[in-house]
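Q: Pasting the sequence and the predicted coordinates here, then a few questions.
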Amino acid sequence: MTDGVTFRVDCHVKVLDDRVVERAKRIGLDAIVYAPHFTRLPEIRERAAAYSDEELLVVPGREVFAGTWRDRKHILAIGLTDPVPDFIPFEVAMAEFDRQDATVLVPHPEFANVSLTEADLRAYANVIDAVEIFNPRHFPWDNRRARELAERCSLPPFTSSYAHLTRSVGVAHTAFDATIETEADLLNALEDRIARRVVYDDGLEGWATTAAELGHLVYENTWKKIDRLFLSGTEPTHPQHIAYEGRFDDVAVY
């Protein structure tokens, strides 16, 4: 830790373009973790590298959808060495993250049917590096429950904008008391439980972000889901996609 140094990270965004980068820099972020849905790791890495510069570090990540659409668990992994697909059993995904010594973050715990439970947090406490205790898509009681879960399980906190919309980027961020210059530095800060603060806007802008992101969530879980399941063919992150060379064929849930 370096006295007087603060490094501000939006630990989970879904969007990345010139407008996102401009906004992130304007509001004082030092880094963002880019982890879009249904996008393979090589593509995420390439895009993250293209938008990184001396002012803003863009770190590639994968939010893996483990399980089925009806009962799926979202896990955010950073520092992966090999691609991990969606739609594999939760236990298989966690074992793969552990094998790769990835940094594992838990977004929106116990939220709807898309999250890790307290039992999951306890069972994989040795693999999990941090738990999200504030998410702009949450209502206050959801954030309160998440904070209590992290405390009960003695797991470090983090927050993110979980931005699916450009306007949401940076509305919440994690401020580390450390000098962080590279992706490896960020992974070490998360894994070593470096001192941090969870920073978010709970005023009018924060509530406007919540409303906009929840509206996007409704769209994402209706028409977009139907399109992905029935109309678009095999997802790039489907476990039986040729890119995974058959490694996950026998554990695919679809």
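A: Yep, it's here. Numbering: from 1, shown residues only.

Q: Ramachandran angles for residue 195?
A: When read as degrees, to the nearest 10, the backbone of residue 195 gives phi -50, psi 140.

Q: Quick check: the gap between it and residue 176.
A: As judged by CB to CB, to the nearest Å, residue 195 and residue 176 stand 7 Å apart. For the C-beta atoms, the positions are set from N, CA and C on the backbone; glycine is no exception.

Q: Between those two, point out the one with more neighbours.
A: For residue 195 versus residue 176, neighbours defined as other CB atoms under 10 Å are more numerous around residue 176 (24 against 11).

Q: Model confidence at the more buried one, what's the number?
A: If you check residue 176, the pLDDT there is 98.

Q: Based on its surroundings, how many neighbours for residue 27?
A: Residue crowding around residue 27 was assessed by other CB under 10 Å; the count is 13.

Q: Moving C-terminal from the top strand by length along the chain, which element do we reach first?
A: The strand that spans the most residues within the chain, counting by DSSP state E, is strand 57-67. Counting by DSSP states H and E, the next helix or strand C-terminal to strand 57-67 is strand 72-78.

Q: That next one pairs with which strands, and in what direction?
A: Strand partners for strand 72-78, identified by DSSP bridges, are recorded as strand 57-67 (antiparallel), strand 103-106 (antiparallel).

Q: Tabulate the ones you listed (JSON lines), appending mean pLDDT.
A: Below are these laid out as JSON lines (pLDDT from 0 to 100):
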{"stretch": "strand 57-67", "mean pLDDT": "97"}
{"stretch": "strand 103-106", "mean pLDDT": "98"}
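
Q: Any chance of these in CSV with distance to residue 115 and mean neighbour count as columns?
A: What follows is the strands paired with strand 72-78, written out as CSV (distance: least, CB to CB, whole Å; neighbours: other CB atoms under 10 Å):
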stretch, distance to residue 115, mean neighbour count
strand 57-67, 11, 24
strand 103-106, 8, 25
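
Q: List just the one of those strands that sits closest to residue 30.
A: Of all the strands paired with strand 72-78, strand 57-67 sits nearest to residue 30, with 6.5 Å by CB to CB.

Q: Using CSV, write out the CA atom coordinates for that closest one.
A: C-alpha atoms of strand 57-67 as CSV (Å, rounded to 0.1, in the frame of the first residue of the first chain):
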residue,chain,number,x,y,z
LEU,A,57,-6.6,0.7,-17.8
VAL,A,58,-9.1,-1.6,-19.4
VAL,A,59,-9.0,-5.1,-17.9
PRO,A,60,-10.6,-8.1,-19.7
GLY,A,61,-13.0,-10.3,-17.7
ARG,A,62,-15.6,-13.0,-18.2
GLU,A,63,-19.0,-13.1,-16.4
VAL,A,64,-19.7,-16.8,-16.8
PHE,A,65,-23.3,-18.0,-16.8
ALA,A,66,-23.1,-21.3,-15.0
GLY,A,67,-26.1,-23.6,-15.0
